[in-house]
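> Predicted model, plus sequence, below.
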Amino acid sequence: MKKVVLLALAVVASASFCTVDAKKKKKEVKEEQPAVVPVELKNGSDSVSYAAGMAVTNGLMTFLKQQHGIDSTSIGTFIKAFEETVNAGDSPEAKARIAGADIANQVSNRMLPGISGDFKDSPDTIVADLFYRGFIDAMKQDSTHFSQGAAEEFFRMKQDVDKKAKDEKLYGANREAGIQFLKENAQKEGVITTASGLQYKVLVQGDGQVPQKTDKVQVHYEGRLIDGTVFDASKKHGSEPLEFRADQVIPGWTEALTMMPVGSKWQLFIPQELAYGERNTGNIKPYSALIFDVELVGIAGDKPAEPAKAETAKTAAKTTKKTARKK
């Protein structure tokens, strides 16, 4: 019991000394602060200059809080750094100090989180301390472990390898589901499979002109995942058909549009390699097979119909269908 009491007294005494010491330090800091020099505005130039300086701070506190996590309790430190920078002028040391702080902020708050996110769920992770050490050693031209070129090459290689491993881990099931879906879909009545792997079903066969790759087409469409989820539709963008060049869309669309006569409505079943592949577009995850209902309303410029081209497209479709059946 005596030991416990003594320990408690020691803690209280220590706290008392710390409190006294802290008060002394506060007092010392307060005494060291320079007196604030009153501002004198002697003429119009003085007044407008002073007012301009105040005006440009509008919204600065909000910016500091949101972008840098600085609140009113730290504003004294901010002001001190601001004054030191302003008073340093254009000396190389001052410029280097400012640049160092600015680059450090960008690297810490943008670059490092971005790179770390790229390696998340991959076989490797980014260690912050070693990332910063590599940065500093590169600036010192220290090639103990890597030359600049070797480091860049190694990093790019690991990015590619780890991304593929990450994508396989997260989205490999999408690819396999798409392959199975298209395999079963190819056996359904009316579904035609082209040499590229594109599948389509003619819902309405038009008799207008068949677009060329460089033509601007006008279409209505609805896009779905193979589970039926609608991820986009022309009606979301207004009542008018959307207009774009036939070769400025995913490969599966370009192939279909350059076989469809105007007035046609086809249902497209597009394998991932003819869609967005490994790209992550938000609602469409990597390696996703897609389904589109596409209605070709017209070709921009009101080109006259060319029945011969339409007939050629019909013949090609029939030939493809026969080939698919033989398979």
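Cool, the structure landed. Owing to the predicted nature of the structure, the values given are computational and were not obtained by experimental measurement.
> residue ranges for the helices of this structure, please.
Applying DSSP state H to the chain gives helices spanning 2-32, 44-55, 60-68, 75-88, 92-106, 112-118, 128-139, 148-185, 251-257, 307-326.
> Quick one: the strands in the stretch 201-327 of the chain, in order.
Applying DSSP state E, counting those that start in this stretch to the stretch 201-327 of the chain gives strands spanning 216-225, 230-233, 242-245, 265-270, 290-299.
> Flag every buried residue along the second one.
Using 16 or more other C-beta atoms under 10 Å as the burial criterion, the residues of strand 230-233 that qualify are D232. C-beta coordinates here come from the backbone N, C-alpha and C atoms, glycine included.
> And that strand, what does it pack against?
strand 216-225 (3 or more C-beta pairs under 8 Å, 6 or more residues apart in numbering; DSSP states H and E).
> for I126, phi and psi?
Note on I126: backbone dihedrals following degrees, to the nearest 10 are phi -90, psi 120.
> Kindly tell me how buried the nearest residue to it once chain neighbours are set aside is, as a neighbour count.
Nearest non-adjacent residue to I126, counting by C-beta to C-beta, 6 or more residues apart in numbering: S116, 4.5 Å away. Using other C-beta atoms under 10 Å, S116 has 14 other residues around it.
> Likewise for the one 10 residues further on?
Here the number of neighbours of I126 (other C-beta under 10 Å) works out to 16.
> wait, it sits on K120?
No: judged on C-beta atoms under 8 Å, I126 makes no contact with K120 at a distance of 9.1 Å.
> residue contacts, the nearest residue to V294 once chain neighbours are set aside?
Spatial nearest neighbour of V294, chain neighbours left out: Y221 (4.8 Å); criterion: C-beta to C-beta, 6+ apart. Applying C-beta atoms under 8 Å, 6 or more residues apart in numbering to Y221 gives the contacts D232, A233, S234, L242, F292, D293, V294, E295.
> and those, which are buried?
Looks like those have D232, S234, F292, D293, V294, E295 buried, using 16+ other C-beta under 10 Å.
> what bridges to the third one?
This means F292. Counting by DSSP bridges, F292 is bridged to G223, L268.
> ok, it to A246 distance?
14 Å (C-beta to C-beta, to the nearest Å).
> G117: neighbouring residues, count only.
10.
> Equivalent analysis for V210, please.
Neighbours around V210, by other C-beta under 10 Å: 26.
> Could you measure from it over to F244?
17 Å.
> Please apply the same query to F146.
Distance from F146 to F244, by C-beta to C-beta: 45 Å.
> do the same with K166
K166 is 32 Å from F244, by C-beta to C-beta.
> likewise S264?
With C-beta to C-beta as the criterion, S264 and F244 are 17 Å apart.
> got it, and K42?
K42 is 65 Å from F244, by C-beta to C-beta.
> Comparing these two, which residue is more hemmed in?
Comparing K42 with F244 by other C-beta under 10 Å, the one with more neighbours is F244, at 14 against 7.
> Could you give the bridge partners of the more buried one?
V217.
> Skipping its backbone neighbours, what lies nearest T144 in space?
D137 (7.3 Å).
> ok, so of the buried ones among the contacts of Y221, who is nearest F269?
Using C-beta to C-beta, F292 is the member of these that sits closest to F269, with 8.4 Å.
> just to revisit the earlier point, the residue nearest to T144: how many residues sit nearby?
15.
> roughly how far apart are it and P251?
Distance from D137 to P251, by C-beta to C-beta: 44 Å.
> ok, now F63?
45 Å.
> Please identify which of those two sits among more neighbours.
Ranked by neighbour count (other C-beta under 10 Å), F63 and P251 place P251 first, with 16 against 12.
> and K216, what does it touch?
E243, F244, R245, A246, I299, A300, G301.
> now the fourth one, nearest residue through space, not along the chain?
Nearest residue to A246, sequence neighbours excluded (C-beta to C-beta, 6+ apart): L257, at 4.5 Å.
> cool, and the first one?
Counting by C-beta to C-beta, 6+ apart, E243 lies nearest to Q218, which is 5.1 Å off, once chain neighbours are set aside.
> Do I have it right that the one you found meets R245?
No: here Q218 lies out of contact with R245, judged by C-beta under 8 Å, at a distance of 11.4 Å.
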